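**Q** structure, please.
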Amino acid sequence: MTATGETRPETASVRKEFALERYRYILQQIHTVNENAHRFLALYQTLATALATGAVALFVGYRKWDIPAATARGGVIGLLTLTTVVAAFTCTLIVVGVLSWLDYRNEECDITDELIGPDFRKRPRPGNFVRWYETYVLLFILVSVITMWVLAGFLLLPAMR
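**A** Numbering: from 1, shown residues only. Modelled structure (predicted):
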């Protein structure tokens, strides 16, 4: 700044270049956060499928393997508990990703407001969560875990006597 409070042209240019680089970084981070939700879902699907398969295999084969029913029931409960832990971890990662996305989008809006003009980009509204695919990924995980526990509670565990 000069003595009169004006910004030198080279300072303004450096500031704009820095803001542009920051904007690129923010867009890259938003893209990464969006991709991570798919990775987390794939992780959950893989682990939940393996653990549920293990529970069903234990249910089907515990007599043949001479495993006491109580032990087999405990194994099924243990595998479902592990599935629930994986689901909780996955949901936590997705929620943290959504919070990061909101933060990056607000920062993106701050930069565009400053460089282009106010309200160039609308700020994200958490009230639009029904339009976010993360909402439905979380619902899928929740419903699948509840379904596994209900099926085990009403079908598998009572049949293991």
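
**Q** the helix or strand where Tyr136 lies packs against which elements?
**A** Counting by DSSP states H and E, the element that carries Tyr136 is helix 133-151. Packing partners of helix 133-151 (3 or more Cβ pairs under 8 Å, 6 or more residues apart in numbering; DSSP states H and E): helix 9-61, helix 69-115. For every residue, glycine as well, the C-beta is placed using N, CA and C.

**Q** list the contacts of the residue nearest the centre of the chain.
**A** Centre of the chain computed as the mean C-alpha position; nearest residue by Cα atoms, centre = their mean is Ile94, 1.6 Å away. Ile94 makes contact with Ala37, Phe40, Glu134, Val137, Leu138, according to Cβ atoms under 8 Å, 6 or more residues apart in numbering.

**Q** between the residues you listed, which sits nearest Ile30?
**A** Nearest to Ile30 among the contacts of Ile94, counting by Cβ to Cβ, is Ala37 at 11.8 Å.

**Q** after the helix holding Tyr136, next one along is what?
**A** Downstream of helix 133-151 (by DSSP H and E), the next one is helix 157-159.

**Q** ok, the residue nearest to the centre of the chain to Asn36 distance?
**A** Separation of Ile94 from Asn36 (Cβ to Cβ, to the nearest Å): 8 Å.

**Q** tell me the pLDDT at Leu115?
**A** Note for Leu115: predicted pLDDT of 87.

**Q** returning to that earlier point: looking at the helices and strands packed on helix 133-151, which is buried most?
**A** Compared across the helices and strands packed on helix 133-151, helix 69-115 shows the largest average neighbour count, a mean of 16 (mean count of other Cβ atoms under 10 Å).
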